[in-house]
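Chemist: Need the 3D shape of this:
(chains A and B)
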Amino acid sequence: MQMFLNNFFDNPERLNRWIDIAQSSFLPLLKGALLYSLTLALVSFFFGLIIAILTALARLSGIKPLIGLARFYVSLIRGTPLLVQLFIIFFGLPSVGIMIDPFPSAVIGFSLSVGAYSSEVVRAAILSIHKGQWEAAYSLGMTYWQALRRVVLPQAARVSVPPLSNSFISLVKDTSLAAAILVPEMFRKAQEIVAATYEPLLVYSEAALIYWMICFVLSIIQDRIENKLDRYV
Amino acid sequence: MITITNLHKQFASLEVLKGISLNVEKGKVVVIIGPSGSGKTTLLRCLNALEIPTNGSVQIGEVKLDFSQKVERSSIPRLRKQTGMVFQSYNLFPHMTALENVMEGPVTVKKEDREKAKTKAAALLAKVGLGDKLDHFPAQLSGGQQQRVGIARALAMDPQVMLFDEPTSALDPELVGEVLKVMKELALEGMTMVVVTHEMGFAREVADEVIFMDQGVIVERDSPQQLFSQPREDRTRQFLQHLKS
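Modeler: Here you go, the predicted structure:
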């Protein structure tokens, strides 16, 4: 701490330089965050949720091959590091002739990850809906899919908002891994700025602050959604 | 209207229905009574295939399902559209208002126009005495009000037959009357009804026929006057005496 302060007081030019860099790097970082980090998270979460619902339904289907397939998928994705999965998709697949650009590679990787982790949340949420709800829907003549879409999933959504919000906020931060496969998201931008300025403490802290701001806004949105869905309880 | 032939239902090693045959004519009200575990609720649930019988057949209106063969999946919703079901625990959709609950069947299943369905739903809710509760969620209604929404929801599908599974058993005693009143009006309008209940007063007053079930078989069936005052079977007599004490 002493050293840190001395550095500044002995060297006002360094302080000025920091302010300059902080100012000039803020917009590029924010742009990386909004254009890539947040977009990547939103798109991946959308596809991930679809995968999660289908996986949860497969697990609940009572059909052995489907259950096996769903379990295999969840086990594989949860049992391997996300960074390794991204490397396989982006650096590995080209050797069998499958070339995917950085951004779509990241979307595939993150969607598969969200799908696996959230499928357990969705499964538990569907199981938490009383079986009388299914019966009431069926007694009106609804099919399985109609009962699911109109009656069960809307109620399951309420139960799963808190855990899914957690996943989404984690995902926003995990998008920094995409820097490693050349997606120009915020963390990669930060690395580039550090390479040019040699001020890692400042620039990485700035990036951290922006992640925090985004997650702060997201948790406010989470509260709003929870309040809205709780209105009928 | 309803023809049940040699209906069997087995859960694992437990045979709950042991060959039930029954006819219900159009416009008749049949009340099923019996001790718990007698199979009366299972019988009712077989009528709209919420339970799939192990054997026998069910015909309601034009739709006949023969469970001695493999039943086609698509034919089950057709049977269910003939019947309206009212549950002991109401089973209203908690995320929808009273009005939306009643509209749900017509809009989702029958693909009726929303506005048309809305008008009809509002009329049905008015009919069960809830014209001022359209926008209430189930959690904001008393048990008796919820059950009346349940009746309106079932009626919205224009069923040929209404099935009631102990509709007042979960209610506080002071709320039973309002539900029975709605059911009575329905009976007077000529609705065909099968009612599983412990409300002997209702059975006496409204039923055209009372069926006493025990251990998976129909022990006795008769007019309420006859069955309540002069039961022919010992088991019926024992059950009725048990209720009085």
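Chemist: Spell out which parts of chain A neighbour chain B.
Modeler: Contact residues (C-beta under 8 Å from any C-beta of the partner chain) of chain A with chain B: A:130, A:132-133, A:135-143, A:146, A:150-151, A:154-155, A:158, A:231-233. (Each C-beta comes from the backbone N, C-alpha and C, glycine too.)
Chemist: Identify those among these that sit within helices.
Modeler: A:Gly132, A:Gln133, A:Glu135, A:Ala136, A:Ala137, A:Tyr138, A:Ser139, A:Gln146, A:Pro154, A:Gln155, A:Arg158 (DSSP state H).
Chemist: so which pair among the residues you listed is furthest apart in space?
Modeler: A:Ser139 and A:Arg158 (22.8 Å; C-beta to C-beta).
Chemist: Distance from the helix or strand where A:Leu54 lies to the middle of the chain?
Modeler: Taking DSSP states H and E as the definition, A:Leu54 sits inside helix A:39-60. Relative to its parent chain, helix A:39-60 has a centroid offset of 11 Å by C-alpha atoms, centre = their mean, to the nearest Å.
Chemist: what does the following helix or strand past that helix rub up against?
Modeler: Toward the C-terminal end, the helix or strand that comes next after helix A:39-60 (DSSP H and E) is helix A:64-78. With contacts defined as C-beta atoms under 8 Å, 6 or more residues apart in numbering or on different chains, helix A:64-78 is touched by A:55-56, A:58-59, A:61, A:85, A:112-113, A:115-117, A:119-120.
Chemist: now do stretch A:180-193
Modeler: Counting contacts by C-beta under 8 Å, 6+ apart, the residues outside stretch A:180-193 that touch it are A:21, A:25, A:28-33, A:36-37, A:40, A:83, A:86-87, A:89-91, A:102-103, A:105-106, A:175-176, A:178-179, A:203-204, A:206-207, A:210-211.
Chemist: Spell out which helix or strand contains the residue of chain B most remote from its centre, please.
Modeler: The C-alpha centroid of chain B is most remote from B:Glu115, which lies 28.3 Å away (C-alpha atoms, centre = their mean). Following DSSP H and E, one finds B:Glu115 within helix B:114-127.
Chemist: hmm, that helix touching chain A?
Modeler: No: applying C-beta under 8 Å from any C-beta, one finds helix B:114-127 separated from chain A by no less than 12.5 Å.
Chemist: Report the buried residues of that helix.
Modeler: B:Ala117, B:Lys118, B:Lys120, B:Ala121, B:Ala122, B:Leu124, B:Leu125, B:Lys127 (16 or more other C-beta atoms under 10 Å in any protein chain shown).
Chemist: what about the strands in chain B?
Modeler: Listed in chain order, the strands of chain B (DSSP state E) span B:2-11, B:14-24, B:29-33, B:55-60, B:63-66, B:83-86, B:161-165, B:192-196, B:209-214, B:217-222.
Chemist: Give me the distance between the spatially most central residue of chain A and chain B.
Modeler: With distances taken as C-alpha atoms, centre = their mean, the residue of chain A nearest its centroid is A:Leu171 (2.2 Å). Using C-beta to the nearest C-beta, to the nearest Å, A:Leu171 is found at 27 Å from chain B.
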